[in-house]
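Student: Need coordinates for the following:
(chains A and B)
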Amino acid sequence: MRDFPMLCGLEIHQRLSGPKLFCACPSPAPDAPLEPAHYSILRRLRASAGEGGELDIAAAFEASRSRSVEYAAPPSSTCLVEADEEPPHPLNAVHLQTVLALARHAGSGLADEVQVMRKTVVDGSNTSGFQRTCLVAMGGSLPSPSGPIPLETICLEEESAGILPAIGSSVRFRIDRLGIPLIEIATAPVFTTPQEAQAGAEAIGMALRMLPNTMRGLGTIRQDVNVSVPGGERVEIKGLQDIRILPLLIENEVKRQEGLIEISQEMKNRGLGSQAPLSSADVSSLFSSTACPILSRALGAKGAGASGPSSGVVLAARLPKMAGLLGRTLYEGRRFGTELSDYAKMAGGVHGLIHSDEDLAKYKFSEREISALRSHLHLQSDDAFVLIADLKQKAEPAMRAALSRALARRVPRETRKADEKGGSSFMRPMAGAHRMYPETDIPPIRITREMEESAGSKKIDTVEARSSRLASLLGPELGEQMLRSRQYALFEKLVGGGLDAKLVAITLEQTMVSLRREGVQVEAIGESSLRETLELCAKNKITRAVIPEVLKEVAKTPAASLDSIVSSHHWQRLTGPALEKAWAASGGDMRAFMAKYRLVAEGADAAALAKKKS
Amino acid sequence: MYSPAAERLLMQAGVKVGEPVIIERGGQSFEGLLMPRPDIGDEGCLVLKLKSGYNIGVSIEGAKISKAAGKAEDFLSAVPIDAKVYLPSKSASASDKTRPPIYLLSTGGTIASKVDYATGAVSPQLDANELLASIPALSSLAPLKTRSVLSLLSEDLLPSHWALFAQGVADAFKDGAAGIVIAHGTDTMGYTAAALAYSLQDLPGPVVLTGAQRSPDRGSSDAADNLFASCLAARAPWAGVAICMHAGADDSISHLHWGTRVRKYHSSARGAFRSIGLPPIGRADVRSGQVSITDSDVPKSDSARHLILKNKFSENAHMAWIYPGLTPKTVEKWADYDGVLIAGTGLGHAPVWSSEPSSKHSILPTLRQLHSSGVLLAMASQTFGGRVNMDVYSPGRLLQEAGVIGQECDWLAETAYVKMCWALGQEKDSKKAAKLMLAPRARDILPRSPIEDALPSMQDRLE
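Tutor: Here you go, the predicted structure:
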């Protein structure tokens, strides 16, 4: 057992609802499909020098892949700002106030002056080539069941564009998502177990839900995680979709870093000191009649036989004294060879690489081909090799990247992308401070005393306080449900309007949910129809039992007035003489009565009548 | 600049801009690199660049400042070593060294600008060589030579600068240029294009003006594409002055707008320029590297053609926009000028009160006086398209009688103003200058109005 197995920090990104951060466009709902009627804009992004006059390495890396990007721009939620055809409008003051209020709530120190920065991103996810972000506060903490979680920074930034399936070689994004405000909370690296990190992420997520305008729904909150182990490096993993996978993701990253440390130690033991860059050789001629489908496809590609950049080649390189290392398992499903392959894929756009620790028979190589290759590369028994087959212009950078990765002999500082199985793959080198430079289109924002005071006066519930209030209103079970509900804001609004909390909670959390399951178009039921329906019930004009029927009709005919729906279906609640008449007609039999008048009579009324008559 | 109080505190702590610093304030400590103060904002806030790259302003109020350990580089470099290999290798130039060069003249503007950390704003700083070095694809169009003529934002330009640019173009052709690209601010690029069209006669080859609507310090800058498209156009075999900029929002097609017929029509979009009264003369596609000159009236290039330079411009002409509320008192002040280009309403109108000629609001008597005292008065329309016709309504006829020229001209107001500066630079006498102005030159006054001007686009009509 190690006494200090790992340290892990979290970066939580939470979307805010309302207008976008730097323009007046509305933020689309998280699950809104891309409008079919949209403009399409074609762009090519380049790396540009940052504040220090140097290219950010991550940006240069992406730009070296020189792809063109296509942006889909639906006019209802995009304008010239998202299209990078107009400078940003001033930072939205309401969103800034929300973040300031959160910062005060967390006891963080506010910046005296907020400077919007440009964070270079050249993967195409931003039309401008950078993401706008600003540091609003530092320090502070948010409570969690296992104690306060110390925060490093609270930032306000713009959401990136949403990726769309590629068509051909063009990368496609939808820019309706671009510019949605995001609160970014970075915790200190305080979590020492995967479970702690998961609990921390959940606690922060809940704390963010206490804000008045957090957006809810799929993809509205994201967790990035950074992990370091002793002797390893700080590695950032992005794109985690499901928080339940977080512990496995962290566990695997710890295993990966430990595995890489062991491999570098082993390389040292084998006498592999720092050495000159490895070189590769064109071994296409050895495979001219190969049965390996990967190689023969590459060699048969356009222009084969010619020597231009778009001719197919097989490149091979000797990795001295590395036999057995490429096949070393880092965690389940990932070997050291896969790490090299990631670099090759990203740098050259190749499909992958083949290495000597793999089962070469599965590629249908002949014995003769392999022995020819081994003698061509002067391979010793303790050497390994790698093969890359593709167009020359792709294979060469891919091979260079793979070889440099093989020689790294440590854990590289990387940004990685999480997969659905709890693993991760290389995305780009870790971005340096170079990628940040000031957004000169927006003057610095002085945080005035008034802003500070107004932020401090906005009370944000603690999770505990809200939880106990809801429990006292609704009981523990329904209270917990409402605490986590997407409908919480609507619940507060309706209850604030004088409606009974339980009735509202049951309607929102149970009635609406079961109507949706029945296939009712609940989206068509507007907030005002819902309120009116509940008000009718509160005023004893309709029964509780008829509410689902009324809402069904509202969904069917949203334009019809509630009164006309109720009267045309004779859903008015029976009271007074009408009730007595109906009761009399059913011969005073409670069951028969309720079977007939279930929707228009309250059981309690009937019971009262029954009591009176007897 | 920081406030004197801030400067004093910094001096006491022995910290200079560009050095690491620790600021303690209200129980919190900020460590970062002290950055220069932008001109805007609170001068009592110190700007720190944190290790994360973020800049943050910390007020000196109640703050304790001390020097931090470490060097400036610690705050800027976090570059992993093995990432170096991914940088694209420079491709060898496949250029034909024996052919005549393209000259790239830089004059300033966004295309030649970068972030200025002293002021926090974008300002012109790059010279032609730096520009060229930043766009490797340009090497395929080599040889290229660069000259820095000026470094000004185009809103600051004077007519005397047009003369300087024309001289620069003439010199470059004399030195054997095949074509010339001028990097220019976009704001008044249309004026400069017209000025060059008038002052450079019988051009042997293309003169292409280009600029950027997004500064080159960002990945999405249009500078590189515009420059590349313009160099492509400058290698093509035609002669004349044109503006080459993005046709629209896409990084693909650039349009070539004829120098006397182009206006900046959008303040921020990439496709900022529109041809008026004459479709774009051609297009360049940066993806395929193809240029096509679609206008058959554009002359072919001819290196033997002898360029005539006439680059004198008057700096005493005025351009006046007609608007409701314009008074004779304002118009009286035009007497200070040698010429006034009137950007009139509609067909070329101004408040002359034709129905009530004795009205005190009428500017007609003042215009008559100006004309008789030798001020050159010319009319263009302030509308986006169309031709001046001062025969249709009586105000127009009164204006003509008062000596306002420009009848039947479809010139753009800016072009007509530049032409006035040029004509008055050539001829002091207002009558001779008027004659010079009215003689069509560089397709500034066209006999035909394109039918497309009055119709929806072909695309819309087909739908």
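Student: which SSE is residue A:72 in?
Tutor: Using DSSP states H and E, residue A:72 falls within strand A:68-73.
Student: Give me the helices and strands touching whatever helix or strand comes next after that strand, please.
Tutor: Remark: after strand A:68-73, the chain's next helix or strand is helix A:93-105, criterion DSSP H and E. Contacts defined by 3 or more CB pairs under 8 Å, 6 or more residues apart in numbering or on different chains; DSSP states H and E place helix A:93-105 against strand A:109-110, strand A:130-138, strand A:149-158, strand A:181-187, helix A:449-457. Where you see a C-beta, it was placed from the backbone N, CA and C, and this is true even at glycine.
Student: let's go with 6 Å and repeat that
Tutor: Under the contact definition 3 or more CB pairs under 6 Å, 6 or more residues apart in numbering or on different chains; DSSP states H and E, helix A:93-105 sits against helix A:449-457.
Student: what about the helix it packs on and chain B, touching?
Tutor: No. If you take CB under 6 Å from any CB of the partner chain as the test, helix A:449-457 misses chain B, and the best it gets is 10.9 Å.
Student: The helix or strand following that helix: which residues count as buried?
Tutor: Next helix or strand after helix A:449-457 toward the C-terminus (DSSP H and E): helix A:463-474. Of all the residues in helix A:463-474, those buried under the rule 16 or more other CB atoms under 10 Å in any protein chain shown are A:463, A:466, A:467, A:470, A:471, A:473, A:474.
Student: Which ones among those residues also lie next to chain B?
Tutor: Counting by CB under 6 Å from any CB, no member of the buried residues of helix A:463-474 reaches chain B.
Student: Out of those, which is nearest to chain B?
Tutor: Checking the buried residues of helix A:463-474 against chain B with CB to the nearest CB, the nearest one is residue A:463 at 25.6 Å.
Student: What is the burial count for the one residue in the stretch 301-450 of chain A that gets nearest to chain B?
Tutor: Residue of the stretch 301-450 of chain A nearest chain B, by CB to the nearest CB: residue A:436 (3.0 Å). Applying other CB atoms under 10 Å in any protein chain shown, we find 27 residues neighbouring residue A:436.
Student: how about the residues of the stretch 201-350 of chain A that lie near chain B?
Tutor: Counting by CB under 6 Å from any CB, the residues of the stretch 201-350 of chain A close to chain B are residue A:347.
Student: which residues in the stretch 201-350 of chain A form strands?
Tutor: Taking DSSP state E, counting those that start in this stretch to define them, one finds strands in the stretch 201-350 of chain A at A:221-228, A:235-240, A:280-282, A:312-319, A:329-331, A:334-335.
Student: now, of the ones you listed, which is deepest in the fold?
Tutor: When these are scored by mean count of other CB atoms under 10 Å in any protein chain shown, the highest mean neighbour count falls to strand A:312-319 (a mean of 24).
Student: Quick one: classify the residue in the stretch 201-350 of chain B that chain A sits nearest to as helix, strand or coil.
Tutor: Per CB to the nearest CB, residue B:219 is where the stretch 201-350 of chain B lies closest to chain A, at 2.1 Å. Taken by DSSP: H, G, I helix; E, B strand; the rest coil, the conformation at residue B:219 corresponds to coil.
Student: and if you look at residue A:43?
Tutor: strand.
Student: Not including adjacent chain positions, what is the nearest residue to the residue nearest the centre of chain B?
Tutor: In chain B, the centroid-proximal residue (CA atoms, centre = their mean) is residue B:186; its distance is 2.5 Å. With sequence-adjacent residues excluded and distances taken as CB to CB, 6 or more residues apart in numbering or on different chains, residue B:186 is closest to residue B:211, at 4.1 Å.
Student: can you give me the offset of the helix ranked longest in chain A from its chain's centre?
Tutor: As assigned by DSSP state H, the longest helix anywhere in chain A is helix A:246-269. Distance of helix A:246-269 from the chain centroid (CA atoms, centre = their mean, to the nearest Å) equals 25 Å.
Student: Over to stretch A:23-39?
Tutor: Averaging C-alpha positions (CA atoms, centre = their mean) puts stretch A:23-39 18 Å from its chain's average.
Student: Does at least one residue of that stretch sit close to chain B?
Tutor: No. Stretch A:23-39 lies out of reach of chain B by CB under 6 Å from any CB, never closer than 7.9 Å.
Student: quick one: low-confidence parts of the stretch 251-400 of chain A?
Tutor: Within the stretch 251-400 of chain A, the segments meeting pLDDT under 70 span A:273-276, A:301-310.
Student: what mean pLDDT does stretch B:143-154 have?
Tutor: The average pLDDT within stretch B:143-154 is 87.
Student: so how far is that stretch from its chain's centroid?
Tutor: The answer for stretch B:143-154 is 13 Å, by CA atoms, centre = their mean.
Student: What of stretch A:377-392?
Tutor: With CA atoms, centre = their mean as the basis, stretch A:377-392 stands 39 Å off its chain's centre.
Student: Also stretch A:442-458?
Tutor: Computed by CA atoms, centre = their mean, the chain-centroid distance of stretch A:442-458 equals 29 Å.
Student: for stretch A:498-505, same thing?
Tutor: Distance of stretch A:498-505 from its chain centroid, counting by CA atoms, centre = their mean, is 34 Å.
Student: For it, report the contacting residues that lie outside it.
Tutor: A:473, A:474, A:478, A:482, A:491, A:494, A:495, A:534 (CB atoms under 6 Å, 6 or more residues apart in numbering or on different chains).
Student: that older thread, what's the residue nearest to the centre of chain B in contact with, if anything?
Tutor: Counting by CB under 6 Å, 6+ apart, residue B:186 has contacts B:211, B:264, B:272.
Student: Name the nearest residue to the residue nearest in space to the middle of chain A, ignoring sequence neighbours.
Tutor: Centroid-nearest residue in chain A, with CA atoms, centre = their mean: residue A:222, separated by 4.0 Å. Excluding its sequence neighbours, the residue lying closest to residue A:222 (CB to CB, 6+ apart) is residue A:13, at 4.6 Å.
Student: And for residue A:512?
Tutor: Once flanking residues are discounted, residue A:512 sits nearest to residue A:522: 5.4 Å by CB to CB, 6+ apart.
Student: do residue A:170 as well
Tutor: Nearest residue to residue A:170, sequence neighbours excluded (CB to CB, 6+ apart): residue A:70, at 4.9 Å.
Student: Check the spacing between that neighbour and residue A:180 real quick.
Tutor: 20 Å (CB to CB, to the nearest Å).
Student: do the same with residue A:572
Tutor: Applying CB to CB to residue A:572 and residue A:180 gives a distance of 45 Å.
Student: So which of these two has more stuff around it?
Tutor: Comparing residue A:572 with residue A:180 by other CB under 10 Å, the one with more neighbours is residue A:180, at 26 against 16.
Student: which residues sit in contact with the more buried one?
Tutor: Residue A:180 makes contact with A:15, A:20, A:27, A:159, according to CB under 6 Å, 6+ apart.
Student: before we move on, back to that, can I get the contacts of stretch A:498-505 in JSON lines including pLDDT?
Tutor: Shown next, in JSON lines, are the contacts of stretch A:498-505 (pLDDT from 0 to 100):
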{"residue": "A:473", "pLDDT": "93"}
{"residue": "A:474", "pLDDT": "94"}
{"residue": "A:478", "pLDDT": "94"}
{"residue": "A:482", "pLDDT": "93"}
{"residue": "A:491", "pLDDT": "93"}
{"residue": "A:494", "pLDDT": "93"}
{"residue": "A:495", "pLDDT": "94"}
{"residue": "A:534", "pLDDT": "94"}
